[in-house]
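**Q** whatever this is, show me its structure:
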Amino acid sequence: MDLPDIKKLIAANNPWWESGEIPSTLALPFRRPLLMQRLMKYLTVDSVIVLKGVRRAGKSTLMFQMAQQLLGDGVAPRQIIFVDFEDRRLRYDVHQIIDALDELYGGKFFEPPVKYLFLDEVHHIEHWESAVKVYYDRKRAIKFIVSGSSSPLVQRGADALIGRCLEEKILPFSFRDFLLYHHGKSESGEKVSQTAIEFSKGESLLTGAQVLALQLATLNTILASYLRQGGFAHVLEQTEAFLFKKRLQEEVVEKIIYRDLAQLYGIEQPEALERLFYCLAGQTAGLLNHENLAKFLQIKQRDIKAYVNYLQRTQLINLIALYSSSAGKSVRNLPKCHLIDSGLMTAFGFYDEAKAIEAAVARHLYNARPFYWRDQYEVDFVVQIGPRLLPVEVKYREGIGSEDFRGLGAFMKTFGATDGILVTKHEAGQKNLAEGTVYLVPASVFLLSNGDLL
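**A** I've put the predicted structure just below:
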C-alpha cells in the first residue's frame with residue numbers, strides 16, 4: 001500500500017475531521033469519572049501516555065472519550081488523529097504512518113498547534129517505541145497516546161521510553177464504575193458520586209460508611225451483582241448466562257492465550273497454558289505452588305513458572321508476595337494468586353463469594369502493589385504507604401468475633417503498625433486493641449474508596 005492509500009484509510013477512520021464529533025458508538029456515553037480525570041491531566045504533561053491492560057478492559061473506549069473531551073475543550077477536529085492497528089491494512093511502520101499524515105497536512109504536520117496522535121493496539125507494530133522516541137526527542141508538535149492489550153509487548157516499548165512516558169494500567173471496571181454504570185442516576189449513585197473516601201484513613205472510611213448508611217443495603221445488593229459479573233464492560237449487558245460465560249472465555253482468555261501469548265513467546269502447546277489458567281481460576285485467593293501445579297498438570301516446573309509469568313504480565317492474574325522485612329524471604333515464599341476480575345470465576349464455573357470478595361479487594365488495591373502476611377496468623381493484604389504499613393483483613397460474613405482481629409493484632413505487634421482495616425459485610429465501627437486501632441468497614445464502602453487510584 002502506498003502513501004495515498006494509507007492517507008485515504010486514515011481519513012476514513014477519523015470521521016470527526018468532517019463532522020466535528022466523535023461517533024457515540026466509539027466514545028460510549030458512560031465514563032469512568034475518576035479515571036478520566038486522571039487521564040486528561042496526563043495530557044497536560046510533556047510525556048508519551050501509555051495505556052496498557054488486559055484485553056477488553058476498555059482502553060480504546062477511553063481513548064475515544066479522551067478525544068471527545070479534547071473536542072469539547074476547543075481542540076480542532078483535525079488536531080486529533082486515531083490510528084487503529086487492529087486494522088491489518090494500517091499495520092505499517094510508525095514512520096510511514098506519520099509520513100502519510102504529513103502529506104495529509106500539506107507538509108505541516110510537525111508544526112504547531114499540537115496534534116494528538118492516538119495509536120491503538122500499538123503492540124502490533126515492531127519498533128513502534130523507537131519511532132515515537134525519535135519524534136518525542138525532536139520536540140515535534142505531537143502528543144502521543146498509545147495503547148496495547150499485550151502487556152509484555154507494550155512493556156518492552158515503555159521500557160525503551162523510560163523518562164519519556166507516563167503509564168496507566170487499565171483494569172476492568174471497579175465496583176465504583178460498575179455501580180455508576182448501572183445506577184449512576186439513582187439516589188445511591190448520586191450519593192456515591194458526591195462522597196469522597198480516602199482508603200488509607202480509617203476516619204475517612206468510617207465517615208463514608210456513615211454518609212452511605214441509608215444506602216448500605218442497596219450497595220450490598222449491587223456488590224453481589226458485581227462479584228458475579230465482574231467488570232468487563234463489553235459483557236455487562238449480556239443477560240444470557242451461557243453467552244456471558246462464552247464471551248469472557250473466548251473474547252478475553254482464549255484470545256490472550258492463543259493469540260497474544262502463543263504468538264509472542266512461540267508456545268507450541270498453548271492448551272497447556274489454558275489448563276494452567278483454568279487451574280488457577282479454581283484456586284483464586286490461594287497460594288501458588290509451582291511444584292504442585294507441575295505435578296498435577298504434568299507440565300515441567302520451569303514451564304509452569306514461565307506460563308505464570310506470562311499470565312501475570314497480561315494482567316489476567318494478580319500475584320501478591322509475602323510481606324517480610326527480609327526481601328530474600330519474601331521472594332522465597334509462595335505468592336498468593338488472584339484473578340484480576342471475579343467475573344472470570346463465574347465464566348469458568350468457580351464462583352465462590354468469599355474468594356470473589358478477596359479478588360475484588362486485590363483488584364481494588366492493584367496499583368498499591370500489596371503484600372500478604374503469614375506467620376502464626378495471617379493478614380490478607382499489607383499496603384506500604386511511605387514508611388507506614390497498613391494491614392487489611394477481609395471477613396465478609398455475618399457477624400464479627402474477637403478471633404477475627406487476631407491476624408491484624410499480631411501483624412501490628414510484630415511490625416509496629418498503629419492501625420488496620422477489617423473489611424466486613426455489614427459492620428462499621430472502631431475497635432481499640434492493645435496493639436492499635438482497627439477500623440471495621442463494609443466491603444461496599446471500602447471498594448468505593450480511592451484505593452484503586454493510588
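
**Q** the strands in this protein, which residues?
**A** When assigned using DSSP state E, the strands of the chain occupy the ranges 48-53, 80-84, 115-120, 142-148, 165-170, 286-287, 317-320, 336-339, 371-374, 378-385, 388-395, 419-424, 429-432, 437-442.

**Q** what's in contact with the last one?
**A** Contacts of strand 437-442 with the rest of the structure, by CB atoms under 8 Å, 6 or more residues apart in numbering, involve 202-203, 205-206, 208-209, 216, 219-220, 400, 405, 408-409, 418-432. C-beta coordinates here come from the backbone N, C-alpha and C atoms, glycine included.

**Q** could you export that strand as PDB, CA atoms only?
**A** As requested, C-alpha coordinates have been extracted for strand 437-442 and formatted as PDB (Å, rounded to 0.1, in the frame of the first residue of the first chain):
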ATOM      1  CA  THR A 437      -6.900   0.700  66.300                       C
ATOM      2  CA  VAL A 438      -8.800  -1.400  63.900                       C
ATOM      3  CA  TYR A 439     -11.500   0.200  61.600                       C
ATOM      4  CA  LEU A 440     -14.400  -2.000  60.600                       C
ATOM      5  CA  VAL A 441     -15.600  -1.000  57.100                       C
ATOM      6  CA  PRO A 442     -18.300  -2.700  55.000                       C
END
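
**Q** quick check: angle from it to strand 388-395?
**A** With axes from the mean of the first three to the mean of the last three CA atoms, to 10 degrees applied, the angle from strand 437-442 to strand 388-395 works out at 40 degrees.

**Q** avg pLDDT for strand 437-442?
**A** Within the predicted structure, the mean pLDDT of strand 437-442 is 98.

**Q** the second one now?
**A** Model confidence over strand 80-84, given as mean pLDDT, is 96.

**Q** now it and strand 142-148, what's the angle there?
**A** Taking the same axes, to 10 degrees, one finds that strand 80-84 is oriented at 30 degrees with respect to strand 142-148.

**Q** what angle do strand 80-84 and strand 115-120 make?
**A** 20 degrees.

**Q** tell me the strands beside strand 80-84, with direction?
**A** Looking at strand 80-84 with DSSP bridges, its partner strands are strand 115-120 (parallel).

**Q** where does the stretch 301-450 of the chain dip in pLDDT?
**A** For the stretch 301-450 of the chain, residues meeting the criterion pLDDT under 70 lie at 327-328.

**Q** mind redoing it with 90?
**A** When residues are selected by pLDDT under 90, those of the stretch 301-450 of the chain lie in 313, 324-333.

**Q** for it, which segments count as helices?
**A** When secondary structure is read from DSSP state H, counting those that start in this stretch, the stretch 301-450 of the chain shows helices at 301-313, 327-332, 343-347, 353-364, 406-415, 443-446.

**Q** next up, the contacts around the spatially most central residue of the chain.
**A** The residue at the geometric middle of the chain, judged as the C-alpha nearest the mean C-alpha position with CA atoms, centre = their mean, is residue 171 (1.9 Å). Listed by CB under 8 Å, 6+ apart, the contact partners of residue 171 are 53, 54, 57, 231, 315, 340, 341, 363, 366, 452.

**Q** now with 7 Å?
**A** 53, 57, 340, 363, 366 (CB atoms under 7 Å, 6 or more residues apart in numbering).

**Q** then residue 417?
**A** Taking CB under 7 Å, 6+ apart as the definition of contact, the neighbours of residue 417 are 389, 390, 391, 411, 436.

**Q** report how many residues lie close to the first one.
**A** By the criterion of other CB atoms under 10 Å, residue 389 has 21 neighbours.

**Q** with the second one instead?
**A** Number of residues near residue 390 (other CB under 10 Å) recorded here: 22.

**Q** against residue 66, how distant is residue 60?
**A** The gap separating residue 60 from residue 66 is 11 Å, by CB to CB, to the nearest Å.

**Q** with residue 241 instead?
**A** Distance of residue 241 to residue 66, computed by CB to CB: 34 Å.

**Q** returning to that earlier point: out of the strands of the chain, nearest to residue 31?
**A** Each of those was scored for nearness to residue 31 using CB to CB, and the closest is strand 165-170 (13.4 Å).

**Q** then the closest one to PDB, C-alphas only?
**A** The C-alpha coordinates for strand 165-170 follow below in PDB (Å, rounded to 0.1, in the frame of the first residue of the first chain):
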ATOM      1  CA  CYS A 165       6.300   8.300  29.300                       C
ATOM      2  CA  LEU A 166       3.500   8.000  31.800                       C
ATOM      3  CA  GLU A 167       1.900   4.600  32.200                       C
ATOM      4  CA  GLU A 168      -1.600   3.900  33.300                       C
ATOM      5  CA  LYS A 169      -2.800   0.300  33.800                       C
ATOM      6  CA  ILE A 170      -6.300  -0.100  32.700                       C
END
